[in-house]
Structure formats: C-alpha cells, structure tokens
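1. okay, here's the prediction I keep looking at, along with the sequence it came from:
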Amino acid sequence: MSLTKVTYDMTTLNELLNITGTVDSYNYCANPSLNSITGGKANVIAGGGYGAFVNTITGATDYRTISGGYDNVIDSAIASTVTGGAHHRINPPATHALISGGSYGIISNGDYSCVVGGTDNQITSTGDGNVIIGGVNARLSEGNYNFLTGYQNTIVGGAVGGTAVFGYQNIDNSANYAFVSGRNNKAVKDYAEASGFQAIGRSSGGQTIAGGLNAIQGDCQSTVSHLKRVTTDAAVSYMTGPDNNQFSFVLPSNNFSINVIAEIIAVEPATGTIASFTHRTTKKRIGGVNTDSASSIVVNYADAGAATWSVGSNLSTNNLRIAVLGEAAKTIYWSARVTVVEVSF
C-alpha cells in the first residue's frame with residue numbers, strides 16, 4: 001500500500017476547515033449549513049446544530065465558543081461559552097459567561113456568571129459571578145456571587161449578594177449573605193438563614209426554621225441567634241449580631257407572642273473573671289401594646305468580681321433586644337445564644 005501526499009494552499013485549507021478571516025482574526029464554524037458565525041474574531045462553533053435549530057454566534061465581539069448542542073445563541077457577549085444542550089441564550093451586556101448542558105438557559109447581564117444544567121434557568125443580575133446549578137425555573141436577578149439551585153427558587157436579593165438558595169420555591173428577598181433551603185422559605189435580612197417549610201428569616205444572623213404555618217407564612221417558627229457585645233462601663237447596652245444592630249430579633253409588626261431563652265456568658269479579659277446567666281422571658285405585642293408576661297434571670301455562676309454584672313431583655317415595638325450590664329472601668333466581653341419561639345396572627 002502506498003500513501004499519496006496531498007498539498008493544499010492556505011485559501012483551500014481555510015475553505016475546507018470553514019475558517020474565515022485572517023490568520024490573526026479567524027473564526028471557525030463546523031458544518032456551516034447548520035451553524036453560523038457573523039462578526040468578531042477568534043469565535044468558534046465546534047459542532048452541533050440540527051435541522052432548523054442552528055447554533056449562532058452574532059455581533060462584533062470576540063473569543064466566543066459554542067461546542068455543540070442545537071439552537072444555542074451567543075450574541076455580542078465577549079469571551080462567553082455554551083458547551084452543549086439546547087435553546088440557550090447568552091446576550092449582552094453579559095460577558096465571560098458560561099452555559100453548560102440542560103436547556104433554555106439564559107444569561108443576559110453581569111460578568112463571569114454561569115448556568116450549569118437544568119432547564120428554564122435565568123441570570124439577569126447586573127452583578128458578577130452568579131451561579132445556577134441544575135434545577136428548574138430558577139431566577140437570579142440581583143446581587144453578586146450568589147448560588148442558586150433547586151425548583152422554582154428565586155434570588156432578587158441585595159446589591160452585594162453572597163446568597164445561597166436550595167430546595168423548592170424558596171426566595172431570597174433583598175438580603176445579602178443569606179442561606180435559604182427547604183420549601184417555601186425566604187430570607188429578608190442580611191446574614192439570615194431560613195429553612196424547613198414556610199419560614200421567614202427576618203433577623204440578621206438568625207437561623208430560622210418552621211414546620212409549616214397556621215394561617216400565613218412565618219406565623220409559627222423559631223429563630224436561634226448568636227450575639228456579642230463589649231462593655232466598658234456600668235450603663236445598660238444591647239447585644240448585637242453580625243450587622244451590629246441592637247435590634248437583634250425582628251418580629252411581625254404586631255399581634256405576636258414570643259418565648260425567649262438566652263444563654264449568656266461574660267469574661268473580663270484582664271483578670272479572667274467570668275459570669276454565666278440563663279434568662280427566660282415571655283413577651284407579647286397585641287394591638288400595638290408590648291407586655292412582659294413573665295421573666296426570670298438565673299445566675300449559673302459568677303466569680304466574686306462579677307457580682308454586679310447582669311442581663312435582661314425588652315421589646316422595642318416589634319424588635320427584641322438582649323440587654324447586658326457590665327461594670328465601670330472594666331472591659332467585659334459578652335457572648336450569647338438566644339432562642340426565640342414565636343407565634344403571630
């Protein structure tokens with residue numbers, strides 16, 4: 001058997017390979033009867049296309065790739081990629097975007113965002129680095145560096161972002177750095193977590209869980225928060241969560257009752273003096289009036305130098321505050337784990 005050497009000039013070779021443009025600015029389109037590249041440079045369609053469902057790269061921007069699938073379009077979104085699947089769209093002003101597998105994915109804004117798998121998932125946020133993985137009907141419309149998966153979940157959160165949403169029909173609503181999982185839950189406060197079924201994460205840094213509802217979402221749930229405070233005098237001050245807000249638990253605007261258990265410990269770093277407290281209270285706000293129904297403070301342990309330290313709580317309209325009382329001219333560190341069980345109507 002003998003081999004025959006075949007020689008092509010560059011023009012013929014470029015035609016065979018469907019390469020257009022100059023050496024410095026070529027586009028490559030496999031199977032141009034089913035796929036199309038118009039404009040820009042260094043754009044590639046490596047395969048795919050099916051009947052009338054062509055893969056298309058349009059617009060004057062560069063470095064875009066469709067590696068397969070059918071009916072996928074990248075329009076003027078520089079340095080963006082569709083790796084397969086069907087009916088995907090990457091539209092400007094998005095840049096450096098990725099859609100991989102699945103169907104009907106859309107990225108139409110922001111930079112460095114990604115949709116992987118699933119169907120009918122959309123990123124329209126002007127922010128950067130957002131991710132949807134799998135699931136169905138996911139919507140991510142605001143913020144940066146958010147993560148979304150599951151079925152019919154939505155992030156319409158804060159301008160900063162950093163939120164993760166999992167599960168079914170959950171919502172992050174104007175919150176940053178939040179975490180939502182389970183079903184029909186939502187976070188409305190920065191650093192909040194909502195899980196279970198029908199919970200509303202209203203409190204910054206709070207982990208809120210519900211097992212359903214009596215009449216409306218969030219009307220029977222519990223929240224656990226970890227609070228801190230540094231005191232340097234003998235004035236009453238209030239413990240705070242990650243947002244340094246003294247209103248550490250946000251409750252319904254009216255007509256609610258809460259049961260509170262606060263486990264609080266304090267230390268004076270200079271001497272190692274400590275004190276430990278358990279504060280229990282039941283409070284309510286009915287018809288716009290706040291009432292303490294019951295309250296107790298147990299000193300679990302206190303060194304001799306901590307005899308005047310104390311704790312308590314109060315409602316400021318619909319916000320619960322955990323109070324601490326230190327000592328003049330002493331720096332005291334306070335830490336608390338607070339559980340609030342609420343019912344509202």
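-> On my side now, so go ahead. Residues are numbered from 1 along each chain as shown.

2. CA only for contacts and neighbour counts going forward, please
-> Will do.

3. next, count neighbours for the closest residue to Ser344 other than its chain neighbours.
-> Beyond its immediate neighbours in the sequence, the residue positioned closest to Ser344 (C-alpha to C-alpha, 6 or more residues apart in numbering) is Phe256, lying 4.0 Å away. The burial metric for Phe256, expressed as a neighbour count using other C-alpha atoms under 10 Å, is 21.

4. correct me if wrong: Phe256 contacts Gly287.
-> No. Between Phe256 and Gly287 no contact is recorded; they are 9.4 Å apart, counting by C-alpha atoms under 8 Å.

5. give me the pLDDT for the residue nearest to Ser344.
-> As predicted, Phe256 sits at a pLDDT of 98.

6. got the phi/psi numbers for it?
-> Note on Phe256: its backbone torsions stand at phi -150, psi 160 [degrees, to the nearest 10].

7. tell me what it is bridged to.
-> Phe256 forms beta bridges with Arg285, Ser344, as assigned by DSSP bridges.

8. give me every residue that touches it.
-> Phe256 is in contact with 284-286, 342-345, counting by C-alpha atoms under 8 Å, 6 or more residues apart in numbering.

9. how near is it to Ser222?
-> Phe256 sits 13 Å away from Ser222 when distances are taken as C-alpha to C-alpha, to the nearest Å.

10. just the buried subset of the contacts of Phe256, please.
-> Among the contacts of Phe256, those buried by neighbour count (16 or more other C-alpha atoms under 10 Å) are 284-285, 342-344.

11. got CSV for those, with pLDDT too?
-> As requested, the buried ones among the contacts of Phe256 are exported to CSV (pLDDT from 0 to 100):
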residue, pLDDT
Lys284, 97
Arg285, 97
Glu342, 98
Val343, 98
Ser344, 98
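
12. between those residues, which is nearest Ser276?
-> Glu342 (25.2 Å; C-alpha to C-alpha).

13. so the closest one sits against Gln221, correct?
-> Yes. Judged on C-alpha under 8 Å, Glu342 makes contact with Gln221 at a distance of 5.7 Å.

14. now the helices for this protein?
-> 10-16 (DSSP state H).

15. tell me which residue is most central in it.
-> The centre of the chain sits closest to Thr163, judged by C-alpha atoms, centre = their mean, with a distance of 1.3 Å.

16. and Ala294, how many neighbours does it have?
-> By other C-alpha under 10 Å, the residues close to Ala294 number 10.

17. pop the domain breakdown of this protein in here.
-> What automatic domain parsing lists as the domains of the chain is 1-108, 220-344.

18. just to revisit the earlier point, distance of the residue nearest to Ser344 relative to Thr282?
-> 11 Å.

19. cool, and Asn35?
-> Computed with C-alpha to C-alpha, the distance linking Asn35 and Thr282 is 68 Å.

20. between the two, tell me which one has more neighbours.
-> The neighbour count for Asn35 versus Thr282, taken as other C-alpha under 10 Å, is higher for Asn35 (25 against 18).

21. contact partners for Ser276?
-> Contacts of Ser276 (C-alpha under 8 Å, 6+ apart): 263-266, 299-302.

22. repeat that for Gly201.
-> By C-alpha under 8 Å, 6+ apart, the contact set of Gly201 is 186-189, 192-194, 207-208.

23. kindly recompute the last result at 7 Å.
-> The neighbours of Gly201, taking C-alpha atoms under 7 Å, 6 or more residues apart in numbering as the test, are 186-189, 192-194, 208.

24. ok, Ile90 next?
-> Neighbouring residues of Ile90 by C-alpha under 7 Å, 6+ apart: 73-75, 77, 106-108.
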